[in-house]
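K.L.:
Turn this into a structure:
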Amino acid sequence: MIDKAKLAEWRRRTDAATEGELTVYADGEVYASAARSDGMQESERIAAFDDVDDIRFFVAASVAMPALLDEVERLRTALEQLANEACAGDAICSTMEPDRDVVIANGVDPDVCQCFVSTAKEALR
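P.N.:
Numbering: from 1, shown residues only. Below you'll find the model as predicted:
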């Protein structure tokens with residue numbers, strides 16, 4: 001499971017990346033283009049690669065990463081809503097273990113109620 005801190009780190013890195021349309025040249029250089037306030041385009045060299053597969057991965061990841069992070073956030077929110085419905089909104093579910101280290105070691109998110117598992121499985125089919 002990817003913890004919240006790792007997702008937040010990836011989100012910060014994604015948000016800090018150079019914005020703009022990517023252009024890849026035959027020599028392996030990648031440029032990001034963005035419109036300036038005067039309406040002109042401005043290009044900035046942001047990477048260079050020797051391998052075509054590396055270029056393809058870089059370009060695909062620059063598009064996919066923000067969308068994937070949004071999807072993880074959406075799914076976690078949906079699961080949290082299911083959990084709240086499953087235990088009728090109790091503040092502390094009786095199935096949650098008090099020892100966070102044990103819960104984390106067992107691969108369970110200690111911030112999410114575990115009594116919704118069957119409900120979530122049904123919803124995700």
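K.L.:
List the neighbours of stretch 56-70 that are in contact with it.
P.N.:
7, 10-11, 14, 17, 22, 24, 30, 47, 49 (C-beta atoms under 8 Å, 6 or more residues apart in numbering). The C-beta positions use only the backbone N, C-alpha and C, and glycine is treated the same way.
K.L.:
Quickly name whichever of those is closest to Glu80.
P.N.:
For these, the residue nearest Glu80 by C-beta to C-beta is Leu7; the value is 14.1 Å.
K.L.:
pretty sure that closest one is touching Glu71, no?
P.N.:
No: applying C-beta atoms under 8 Å, one finds Leu7 not in contact with Glu71, separated by 11.3 Å.
K.L.:
Same drill for those two, tell me which one is more crowded.
P.N.:
Leu7 (14 against 11; other C-beta atoms under 10 Å).
K.L.:
give the contact list for that one.
P.N.:
So Leu7 contacts 69, 72-73 (C-beta under 8 Å, 6+ apart).
K.L.:
Filter those down to the buried ones and hand me the PyMOL line.
P.N.:
Selection of buried members from these for PyMOL, criterion 16 or more other C-beta atoms under 10 Å:
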select buried, resi 69
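K.L.:
and the contacts of Leu7, which of them are in strands?
P.N.:
Taking DSSP state E, every one of the contacts of Leu7 sits outside strands.
K.L.:
and the contacts of Leu7 as TSV, adding distance to Ala60 and pLDDT?
P.N.:
TSV is the format used below for the contacts of Leu7 (distance: C-beta to C-beta, whole Å; pLDDT from 0 to 100):
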residue	distance to Ala60	pLDDT
Leu69	15	96
Val72	17	93
Glu73	20	92
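K.L.:
circling back to that earlier point, of the contacts of stretch 56-70, grab the buried ones for PyMOL.
P.N.:
A single PyMOL command is used to select the members of the contacts of stretch 56-70 judged buried by 16+ other C-beta under 10 Å:
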select buried, resi 10+11+14+22+24+30+47+49
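K.L.:
what is in contact with Leu7 and Glu71 at once?
P.N.:
Joint contacts of Leu7 and Glu71 (C-beta under 8 Å, 6+ apart) do not exist.
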